[in-house]
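Visitor: Below is the sequence, then the predicted model.
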Amino acid sequence: MNLKISHQYLLLILIGIITFIVNNDTFVPDIMESRNIITAREMVYQDNWIVTTMNGELRLEKPPLPTWLTAVAEIISPDSIFLQRAMAGLSAVMLVVFLFLLVQRILRNRLISWMSVLVFCTSYNAILMGRTASWDIYCHAFMLGGIYFLYRLFFDEERQWTNASLSGLFLGLSFMSKGPVSYFALLLPFLIATFCILRPSMRGRLNKVLLLAGVCIVVSSWWYLYIYVMHYDEMAYVANKESSAWVNRNVRPWYYYWSFFLESGIWAILLLTAIGFSFAKIKTKKDKTNMFFLVWTLATVVLLSLFPEKKTRYLFPVLIPASILIGQFIVEWAKKFAENRQSRLDNVLFKVNAILPAIIIAAIPVIGYKFIFSEGYISIPSAIIICITTSLVAFFILRAAIRNKPLNLVICVSVLFLVIEIFAMPSLKYLINNPEMNSIANTRNIEELKDIQFYHNKKDELRIELVYAAHRTIKPMDYSNDSLLICSLPMVVLSRTDIESEMSAEFLEKVNVKHIDMYDDNRRSKNNKKRYSNLFIYNVTLITAK
């Protein structure tokens, strides 16, 4: 990169903003986001800044740092899913900056830093995580900051006290984001790789490590201590429930993460190629840093596999060392080709890794026409831009394959992703979201329902997404208890069927009943039989005293 360093950082931040923030309001919030945003709302509107709640009930499963940041977004722009997700997106941008800095500090190679960042920003799971109001991105972003300063503490002779303090601060902020999750998924694999491969000397650094631990403990423990003292029973219940969930919920076999490489999306085959070449290097014991990133990547997969509870999104931390491994391999390939010392295997594997994406990218205009443009989901100017860009990118990737230019492959893919995120992302809402959605969010605009408590039948499961959409608490109610119902008037009730089939005729004769509407909050259309559910369909009825 020939740009000035200040310009490089500006470009880095710009790429991060486009990748994780631009057009991030395309999709309807899922269950995870709904829970997080509801908790943030209740912070603001019910003043629950320390003892967090969700739908009016205590929610102590997660520490409050990301919720505070989302609550700030709610204060700035109420009910803005764009800004709420943008707070998570800014954390992803911070992660990208620390990724760049860490690679530069370890390898002293700015080109590898850029390749690693571009690979990370075009990886499927990274884009998904950075574009949702997920608490995972916060804990891993802060953790990578802690790892960056920890690495400097281990291997730099200057500013050791500062690096120790900053590392402890970021490690503490990570714990305040999602507890020990990132300690196990990101920090521990890093430490395993560091002490097995790089073997830092701890002479003269132990007192700094003690400072690091002290700062981390202070930052990370105060909220837990407060909740422990003020809400001991509830905290004990949550701790027991969460620990049980690790071994009883979403249980998968130990080999469930065998396909971890698919989380990198378009780079899946290239990641396997980089891992294979890195294993080959072990025999020659060359390039200790390459082995370091290989061990870091595989240690993450192995450690995550030890837990019975498994979800594909838990593999997100793998993308950090894996992106560096790919970036390092791409630059090494570029040097080999430039110096004409590549093997026949290098030629074959590079062409496979380049031609397959080129074919997929070349097919985008055809697929887009069939499912998006022909349905009127995208404007003509945006469609033209996407068609031209995809055609040019496919052409230049094929050209890179013929001329053996690995760097051009990464750059072309990155340009394509940025163009899609700017011009194509808005059109996806019509393709993925339910076009027939009649959300309960529409009740916010009905004047006669304002300031009236909403209830649902306690015998039915209430999807938390409805609480998010309604922008109010929806309390459970025993619909068979007439005296309790009378005491709660006026009320707005949610019912799966007609209200007459859920409440007694005697009660209904004593009140005024006004059916408001039937609402459908399914995120996917009726054609999606796996995702469409009656759990999101409710009648909303206003009941007042006669």
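Guide: Done, it's in.
Visitor: drop to CA atoms for contacts and neighbour counts, all remaining ones
Guide: Fine.
Visitor: can you pull the contacts of Ile537?
Guide: Residues counted as contacts of Ile537 (C-alpha atoms under 8 Å, 6 or more residues apart in numbering) are Arg496, Met518, Tyr519, Asp520, Asp521, Asn522.
Visitor: In strands, which of the residues you listed appear?
Guide: Met518, Tyr519, Asp520 (DSSP state E).
Visitor: List the residues that contact the first one.
Guide: Met518 makes contact with Asn438, Ile537, Tyr538, Asn539, Val540 under the criterion C-alpha under 8 Å, 6+ apart.
Visitor: among these, who's most crowded?
Guide: Greatest neighbour count in the contacts of Met518, by other C-alpha atoms under 10 Å, goes to Val540: 25 neighbours.
Visitor: Helices along the stretch 301-450 of the chain, start to end?
Guide: Using DSSP state H, counting those that start in this stretch, the helices of the stretch 301-450 of the chain run over 319-338, 344-362, 364-371, 380-403, 406-419, 425-432.
Visitor: what packs against the longest one?
Guide: In other words, helix 380-403. helix 344-362, helix 364-371, helix 406-419 (3 or more C-alpha pairs under 8 Å, 6 or more residues apart in numbering; DSSP states H and E).
Visitor: Pull the distance from that helix to the chain's centre.
Guide: 29 Å (C-alpha atoms, centre = their mean, to the nearest Å).
Visitor: Can you check the pLDDT for the nearest residue to Lys450 once chain neighbours are set aside?
Guide: Closest residue to Lys450 apart from its sequence neighbours, by C-alpha to C-alpha, 6 or more residues apart in numbering: Arg444 at 7.2 Å. Looking at Arg444, its pLDDT reads 91.
Visitor: Thought Asp451 was touching Arg444, still the case?
Guide: No. At 10.2 Å, Arg444 does not count as touching Asp451 under the criterion of C-alpha atoms under 8 Å.
Visitor: which of the two has more neighbours?
Guide: Each of Arg444 and Asp451 has its neighbours counted (other C-alpha under 10 Å); Arg444 has more, 14 against 10.
Visitor: Leu171 is in contact with Ala141, isn't it?
Guide: No. Using C-alpha under 8 Å, Leu171 makes no contact with Ala141, being 9.9 Å away.
Visitor: between these two, who's got more neighbours?
Guide: Taking other C-alpha under 10 Å, Leu171 and Ala141 do not tie; Leu171 has more neighbours (34 against 29).
Visitor: Identify the residues contacting that one.
Guide: Neighbours of Leu171 in contact, by C-alpha under 8 Å, 6+ apart: Phe142, Met143, Gly145, Gly146, Cys216.
Visitor: following the helix or strand harbouring the first one, which helix or strand comes up?
Guide: I take that to be Phe142. Here Phe142, judged by DSSP states H and E, is contained in helix 136-155. Of the helices and strands lying after helix 136-155 in sequence (DSSP H and E), the nearest is helix 160-178.
Visitor: Tell me the secondary structure at Thr541.
Guide: Secondary structure, DSSP: H, G, I helix; E, B strand; the rest coil: Thr541 is strand.
Visitor: burial measure for the nearest residue to it once chain neighbours are set aside, as a count.
Guide: Excluding the flanking residues, the one nearest Thr541 by C-alpha to C-alpha, 6+ apart is His515, at 4.4 Å. Neighbour count for His515, taken as other C-alpha under 10 Å: 14.
Visitor: try Lys475
Guide: That count, for Lys475 with other C-alpha under 10 Å as the rule, works out to 17.
Visitor: Specify the beta-bridge partners of it.
Guide: Tyr455 (DSSP bridges).
Visitor: ok, it to Lys450 distance?
Guide: To Lys450, Lys475 is 16 Å away according to C-alpha to C-alpha, to the nearest Å.
Visitor: cool, and His231?
Guide: His231 is 32 Å from Lys450, by C-alpha to C-alpha.
Visitor: cool, and Met425?
Guide: Distance of Met425 to Lys450, computed by C-alpha to C-alpha: 35 Å.
Visitor: So if I had to pick from the two, which one is more boxed in?
Guide: Met425 (17 against 13).
Visitor: quick one, what contacts that one?
Guide: Asn23, Thr26.
Visitor: number of nearby residues for Asn481?
Guide: For Asn481, using other C-alpha under 10 Å, the count is 12.
Visitor: Look up phi and psi at it.
Guide: Per-residue torsions, Asn481: phi -100, psi 90 (degrees, to the nearest 10).
Visitor: average pLDDT across stretch 198-206?
Guide: If you average the pLDDT values across stretch 198-206, you get 89.
Visitor: ok now that stretch, how far from the chain's centre?
Guide: 34 Å.
Visitor: elements contacting whatever helix or strand Tyr224 lives in?
Guide: Element membership of Tyr224, judged by DSSP H and E, is helix 206-230. Contacts defined by 3+ C-alpha pairs under 8 Å, 6+ apart place helix 206-230 against helix 160-178.
Visitor: From the chain's centroid, how far away is the helix it packs on?
Guide: Using C-alpha atoms, centre = their mean, the offset of helix 160-178 from its chain centre is 21 Å.
Visitor: Residues contacting the helix or strand that that helix is followed by, please?
Guide: Downstream of helix 160-178, the next assigned helix or strand under DSSP H and E is helix 181-182. Here helix 181-182 makes contact (C-alpha under 8 Å, 6+ apart) with Cys139, His140, Met143, Ser174, Phe175, Pro317.
Visitor: Quick check: which of the helices of the stretch 301-450 of the chain is buried the most?
Guide: Of all the helices of the stretch 301-450 of the chain, helix 319-338 has the most neighbours on average by mean count of other C-alpha atoms under 10 Å, namely a mean of 22.
Visitor: Put the alpha carbons of that helix into CSV.
Guide: C-alpha atoms of helix 319-338 as CSV (Å, rounded to 0.1, in the frame of the first residue of the first chain):
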residue,chain,number,x,y,z
LEU,A,319,-12.5,-16.1,11.6
ILE,A,320,-9.9,-13.8,13.3
PRO,A,321,-6.8,-16.0,13.1
ALA,A,322,-8.2,-17.8,10.0
SER,A,323,-8.3,-14.4,8.1
ILE,A,324,-4.7,-13.7,9.1
LEU,A,325,-3.7,-17.2,8.0
ILE,A,326,-5.4,-16.6,4.6
GLY,A,327,-3.9,-13.1,4.3
GLN,A,328,-0.4,-14.4,5.1
PHE,A,329,-0.8,-17.2,2.5
ILE,A,330,-2.1,-14.9,-0.2
VAL,A,331,0.9,-12.6,0.1
GLU,A,332,3.2,-15.6,0.2
TRP,A,333,1.6,-16.9,-3.0
ALA,A,334,2.0,-13.5,-4.6
LYS,A,335,5.7,-13.6,-3.9
LYS,A,336,6.1,-17.1,-5.3
PHE,A,337,4.3,-16.1,-8.5
ALA,A,338,6.2,-12.9,-8.8
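Visitor: Give me the angle between it and helix 344-362.
Guide: 120 degrees (axes from the mean of the first three to the mean of the last three C-alpha atoms, to 10 degrees).
Visitor: Walk me through the domains of this protein.
Guide: 343-432, 440-545 (automatic domain parsing).
Visitor: any idea how far Arg59 is from Ala88?
Guide: Distance from Arg59 to Ala88, by C-alpha to C-alpha: 20 Å.
Visitor: who has more neighbours, the two?
Guide: Ala88 (27 against 19).
Visitor: what packs against the helix or strand hosting the more buried one?
Guide: Per DSSP H and E: Ala88 is located in helix 81-107. On a contact count with 3+ C-alpha pairs under 8 Å, 6+ apart, helix 81-107 meets helix 5-20, helix 65-76, helix 110-121, helix 124-130, helix 136-155.
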